[in-house]
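Undergrad: Provided below for reference: sequence and predicted model.
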Amino acid sequence: MAPRSRSRAASTRKSGDRSRSIGAVTQTDKEPYTPREDWQYNYADDINPSLQFFYKPHTVSALFLLLAGLVYYALNTGTDVVANTKMGIVACFGVIVLTGLLQFKDGPFIRPHPAFWRGVLAVSVFYQLVLVLLLFQDKHTARQLMKHLDPSLGVPLPEKNYAADCSLDPANIWDQMDVFVLAHTFGWFAKSMVLRDNYICWVLSIMFEFMEYSLEHQLPNFGECWWDHWILDVLVTNWLGIYMGMKTCEYFAMKTYSWRSVNQIPSYQGKLQRGIEQFTPHSWTRFDWGPSKSFRNYLAVLALMAFELTIELNAFYLKALLWIPPPHFINVLRLVVMFFFCMPATREVYQYLSDPRCKRIGYHAWMLAANVFTEALISVKFGQGEFPAPFPAHVKAFWAVLITFLVGYAVIQFLLRKQLGWFGGKEAFGNYEANDDEVVEAKKAGRKKKTN
């Protein structure tokens, strides 16, 4: 399947040229209108097809197969309403994914194939439709709908109390081990690959423990022993996941990338190695979120962390409200697809925030935001009447202090340091730094200063 073209202007460049630019590179301030096709950002990675067959369009063949499949099932349906409905949902999923594979635009990733990530975007669209369907149900109906996926669902969950015995003996520590221990390690490995920032990962790791403290009056399984929070979770499983994830990021960042087609490699061993490398990144971009560089970056990083915490909390609230046991395949499947949703979405968000040539947020990021917001909306709707206990006073006090600190830091870092020169502050301009010979005019001062 051929990768989709990203803009009309980009299609006029030489074959294989995917240089970083947006379509309307000649637009000036006197041109108020920008064509829709020119809003799409083009990433730099050059597609070098290894097997031409997989990079050629097969839209007519795919359409024929799709219609043939629909004709077959239309003429061979039974009378079982439940079975027909399930088959119809599967068919809808197939149609959406096939449409995405063929017609959606490419995102920032091209390995193992651009069509794979178009398929990921299509799955995100289908997931959004499922969430909207659940949103328009009441919680009792939604719980019963889960039985059509697994007859064992639809019954209240037994809550495990992790804080009943906090003694530090081997038997008790072993009893605290469950599927979430592995989930912590692999989860933070995945989040490190997504965020690519050691400090942000550590802040999120600590903040989630405070989220558990803050919400244990609503979700009893958030209640844990102190050593479970800070030793087993933060210092052992989370640290291991973050360490492995950041080491993997460093490996990809330092690796020399030189790609050749399979046809250009003489040995069978080389062809095999090249085939395996097709499932590794084509290139790697280091993320420098720079929350202290500008107020815009600061707000963006706070929003990013809040968004990540919301994804985490949605998993626990949906599990509790829809009565889905922790090790059930639905929970595992959601975590896996969320990882694939977040990978290109975070890359698009970083490009949008750091590169002034990128004028619109990407499709993956837009769709992921819709997914997460709808999940949170379902949790709020189904949670009405489920959590009667009010927020404890110490929880309110903690968040009041934290918000005050965040606001105070922003005032000092981006207002007082810049305007009054406190602490030797210099004005920062996003993630892009000026050249040594470039000077900028300081606001309200009339003096010039060099930027680093």
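TA: Cool, the structure landed. All values derive from a computational prediction rather than experimental measurement.

Undergrad: please enumerate the strands of this protein.
TA: 21-22, 41-42, 439-441, 448-450 (DSSP state E).

Undergrad: shaky segments in the stretch 301-450 of the chain?
TA: 418, 420-450 (pLDDT under 70).

Undergrad: mind listing the helices for it?
TA: With helices called from DSSP state H, counting those that start in this stretch, the stretch 301-450 of the chain shows them at 329-354, 363-382, 393-411, 417-420.

Undergrad: what is the second one packed up against?
TA: Meaning helix 363-382. helix 114-135, helix 139-145, helix 295-321, helix 329-354 (3 or more CB pairs under 8 Å, 6 or more residues apart in numbering; DSSP states H and E). Quick note: C-beta positions are derived from backbone N, CA and C, even for glycine.

Undergrad: including distance to Gly78, could the helices of the stretch 301-450 of the chain go into JSON lines?
TA: Below are the helices of the stretch 301-450 of the chain laid out as JSON lines (distance: least, CB to CB, whole Å):
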{"stretch": "helix 329-354", "distance to Gly78": "26"}
{"stretch": "helix 363-382", "distance to Gly78": "32"}
{"stretch": "helix 393-411", "distance to Gly78": "54"}
{"stretch": "helix 417-420", "distance to Gly78": "71"}
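
Undergrad: out of those helices, flag the one nearest Ala320.
TA: Among the helices of the stretch 301-450 of the chain, helix 363-382 comes nearest to Ala320, with 8.9 Å by CB to CB.

Undergrad: just the angle for the closest one relative to helix 329-354, thanks.
TA: 130 degrees (axes from the mean of the first three to the mean of the last three CA atoms, to 10 degrees).

Undergrad: just the residues contacting helix 363-382, thanks.
TA: With CB atoms under 8 Å, 6 or more residues apart in numbering as the test, helix 363-382 has contacts from 104-105, 107-108, 117, 120-121, 124-125, 127-128, 131-132, 134-135, 139, 142, 307, 310-311, 313-314, 317-318, 321-322, 341-342, 344-346, 348-349, 352.

Undergrad: export that helix to CSV, keeping only CA atoms.
TA: Taking Å, rounded to 0.1, in the frame of the first residue of the first chain, the C-alpha atoms of helix 363-382 are listed here in CSV:
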residue,chain,number,x,y,z
TYR,A,363,-4.3,13.5,13.5
HIS,A,364,-3.1,11.0,16.1
ALA,A,365,-2.9,13.6,18.8
TRP,A,366,-6.3,15.0,18.0
MET,A,367,-7.9,11.5,18.1
LEU,A,368,-6.1,10.5,21.3
ALA,A,369,-7.3,13.7,23.0
ALA,A,370,-10.9,12.7,22.0
ASN,A,371,-10.4,9.2,23.3
VAL,A,372,-9.1,10.2,26.7
PHE,A,373,-11.6,13.0,27.2
THR,A,374,-14.5,10.6,26.3
GLU,A,375,-13.1,8.0,28.7
ALA,A,376,-13.0,10.6,31.5
LEU,A,377,-16.6,11.7,30.7
ILE,A,378,-17.8,8.1,30.9
SER,A,379,-16.1,7.8,34.3
VAL,A,380,-17.7,11.0,35.6
LYS,A,381,-21.2,10.0,34.3
PHE,A,382,-21.1,6.4,35.6
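
Undergrad: low-confidence stretches in the stretch 51-200 of the chain?
TA: In the stretch 51-200 of the chain, residues with pLDDT under 70: 51-53, 176, 178-179.

Undergrad: just the helices in it please.
TA: 59-75, 81-103, 114-135, 139-145, 170-175, 179-195, 198-215.

Undergrad: Asn221 contacts Ala163, correct?
TA: No: contact criterion CB atoms under 8 Å: Asn221 and Ala163 do not qualify, at 9.7 Å.

Undergrad: which neighbours do the two share?
TA: Common neighbours of Asn221 and Ala163, counting by CB under 8 Å, 6+ apart, are absent.

Undergrad: on that earlier part again, of the contacts of helix 363-382, just the buried ones, PyMOL syntax please.
TA: To isolate the buried ones among the contacts of helix 363-382 in PyMOL, judged by 16 or more other CB atoms under 10 Å, type:
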select buried, resi 104+105+107+108+117+120+121+124+125+127+128+131+134+139+142+307+310+311+313+314+317+318+321+322+341+342+344+345+346+348+349+352
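
Undergrad: go ahead and confirm Asn172 touches Asp165.
TA: Yes: judged on CB under 8 Å, Asn172 makes contact with Asp165 at a distance of 5.5 Å.

Undergrad: spatially central residue for the protein, please.
TA: Cys342 (1.7 Å; CA atoms, centre = their mean).

Undergrad: how about the nearest residue to it, chain neighbours excluded?
TA: Nearest residue to Cys342 in three dimensions, chain neighbours excluded: Val194, at 4.8 Å (CB to CB, 6 or more residues apart in numbering).

Undergrad: pretty sure that neighbour sits against Thr346.
TA: Yes: contact criterion CB under 8 Å: Val194 and Thr346 qualify, at 5.1 Å.

Undergrad: against Arg196, how distant is Gln128?
TA: Gln128 is 26 Å from Arg196, where distance means CB to CB, to the nearest Å.

Undergrad: number of nearby residues for the closest residue to Leu302 other than its chain neighbours?
TA: Closest residue to Leu302 apart from its sequence neighbours, by CB to CB, 6+ apart: Leu406 at 7.0 Å. Leu406 has 12 neighbouring residues, counting by other CB atoms under 10 Å.

Undergrad: from Asn263, how far off is Leu406?
TA: Using CB to CB, which is the criterion applied here, Leu406 is 55 Å from Asn263.

Undergrad: kindly report the same for Pro170.
TA: 58 Å.

Undergrad: which of those two has more neighbours?
TA: Neighbours were counted for Pro170 and for Asn263 using other CB under 10 Å; Asn263 has more, 11 against 7.

Undergrad: and the more buried one, what's its pLDDT?
TA: We have a pLDDT of 70 for Asn263.

Undergrad: likewise for the one 3 residues further on?
TA: The predicted local distance difference test score for Pro266 is 79.

Undergrad: contacts only, for it.
TA: Taking CB under 8 Å, 6+ apart as the definition, Pro266 has no contacts.
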